[in-house]
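In: need the 3D shape of this:
(one chain, ligands or ions: 1)
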Amino acid sequence: PKFGEYGGQFVPEALMPAIEELADAYERYVLNNEDGFMDEFRSRLADFGGRPTPLQYADQLSERYDTDVYLKREDLLHGGAHKLNNALGQVLLAKYMGKERIIAETGAGQHGTATAMAAAHLDMPCEIYMGETDIARQRPNVFRIKINGSEVVPVTVGRGTLKEAISETMREWATTVENTHYVIGSVVGPHPFPKMVRDFQSVISEEAREQAIEQTGGLPTDVVACAGGGSNTMGAFAEFVDDEEVALHAVEAGGSSLTVDEDEGVAPNSATLSTGDEGVLHGARTKLLQDSDGQIMESHSVSAGLDYAGVGPELAHLVDEGRVTPVNVDDDLALEAFHRLSQDEGIIPALETAHAFGYLEKYHEDLGDTVVVNVSGRGDKDLETVIEETTKR
Ligand SMILES: Cc1ncc(COP(=O)(O)O)c(/C=N/[C@H](C(=O)O)[C@@H](O)C(C)C)c1O
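Out: This is a model prediction of the structure:
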């Protein structure tokens, strides 16, 4: 289960039975469609989720950049972000495995919301672990998680963001593997999670590839997507990886600056693909932001969803292979892009998504003449933050 030198299963002994059971279920149900699992997944994703999402031509942006810009509208998926693709797949798989309870972590709250929605839809009790810092900055999603009938478990250790939430959820899973499935929120964690989450999210690029050929008569020259843990990026890239002529750009959070203050142990960004080193985090060998003694550093981003010191092992591998170009956009450029998409195209994007549009604004000269940008989510959850940030600047 390796992606070059990344990936693997670096988990405590107590978790191995759960990981092996999950790897077996992944093989049978996701890869071999046993009992028609994938058929049910796709039909629920259509009827409950609202797939396929449009690939929409962006008139104003195309004119502004003098190139054809197409938006893959994952913000129109039920719940307002790409997260439902993975959450629905994993909750349904938990049912096929005979599990009775769901737990998950969340940072921006989109994954937590998606898991709560999927759990309600499939009648499974669910607890969402969320860092206290993130509970404070993503309150609309905290309410949605509760209103969908899930419990929010505040994580108070450390800085109270995603990193601690994932660790806490793994700890809880280790003691409840018998009846509980852990719905991990991105293409991170021990095998089979990175492959499985990528497979559930690959519906994005399956559709986008077909829609691009239908609407433009060929493949796009570029696909651009923002990267936190990497699921939105891997979903948008998966079906294009073998099309060498399609350039793939993963946009990370440049935060407030790329220079790291070593002894502070804090990175003022989350640009893991560009500035991280190899290490083990949350069960997988991958790239992460660590200081000179190998301590995982705190990351930063104006968007909670990109504020993560790690990244998916498969994405790290594709970057090392030169198949994916890692770029980053800082807080200011992301905020500017948030307002531009809202005013020019009538779409309020998630702050995470805004980073992809910041990249388009700054680097469109380097892109080809048909660019697909993945709109990973809508920005309702970020309105308070943006109003605060905009008045502050
Ligand atoms: C609208 C939106 N766009 C992109 C992302 C980036 O997460 P990935 O798709 O895992 O790179 C996110 C990530 N959200 C996660 C969450 O809601 O829990 C995030 O905080 C972590 C999984 C990284 C998101 O909400």
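In: so Glu178 belongs to a strand, correct?
Out: No - using DSSP: H, G, I helix; E, B strand; the rest coil, the assignment for Glu178 is coil, not a strand.
In: show me where the stretch 101-250 of the chain has strands.
Out: Ranges of strands in the stretch 101-250 of the chain, per DSSP state E, counting those that start in this stretch, are 101-106, 126-131, 151-155, 180-183, 222-226, 247-255.
In: tell me where the stretch 251-393 of the chain has helices.
Out: For the stretch 251-393 of the chain, the helices defined by DSSP state H, counting those that start in this stretch cover 272-275, 313-320, 331-345, 351-363, 383-392.
In: out of those, flag the one nearest Ser292.
Out: Ser292 lies closest to helix 272-275 among these, at 13.4 Å (CB to CB). (Glycine included, C-beta is placed from N, CA and C.)
In: so which residues on the stretch 251-393 of the chain come close to the ligand?
Out: 304-306, 308, 350, 352-353, 376-377 (CB under 6 Å from any ligand atom).
In: just put these in JSON lines and tack on neighbour count and pLDDT.
Out: Formatted as JSON lines, those follow (neighbours: other CB atoms under 10 Å; pLDDT from 0 to 100):
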{"residue": "Ala304", "neighbour count": "28", "pLDDT": "81"}
{"residue": "Gly305", "neighbour count": "35", "pLDDT": "85"}
{"residue": "Leu306", "neighbour count": "35", "pLDDT": "90"}
{"residue": "Tyr308", "neighbour count": "30", "pLDDT": "89"}
{"residue": "Ala350", "neighbour count": "29", "pLDDT": "96"}
{"residue": "Glu352", "neighbour count": "32", "pLDDT": "96"}
{"residue": "Thr353", "neighbour count": "35", "pLDDT": "98"}
{"residue": "Ser376", "neighbour count": "33", "pLDDT": "98"}
{"residue": "Gly377", "neighbour count": "29", "pLDDT": "97"}
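In: Arg171: which of those residues is nearest?
Out: Tyr308 (18.3 Å).
In: my read: the closest one touches Ala165, true?
Out: No - using CB atoms under 8 Å, Tyr308 makes no contact with Ala165, being 10.3 Å away.
In: between those two, what contacts are shared?
Out: Gly107 (CB atoms under 8 Å, 6 or more residues apart in numbering).
In: what distance do you get for the nearest residue to Pro17 once chain neighbours are set aside to the ligand?
Out: Excluding its sequence neighbours, the residue lying closest to Pro17 (CB to CB, 6 or more residues apart in numbering) is Val177, at 6.2 Å. Distance, Val177 to the ligand, using CB to the nearest ligand atom, to the nearest Å: 22 Å.
In: list the contacts of Val177.
Out: Contacts of Val177 by CB under 8 Å, 6+ apart are 15, 17-18, 21.
In: give me the pLDDT value at it.
Out: According to the prediction, Val177 has pLDDT 91.
In: winner for burial among the strands of the stretch 101-250 of the chain?
Out: Among these, strand 222-226 has the highest mean neighbour count (mean count of other CB atoms under 10 Å), at a mean of 30.
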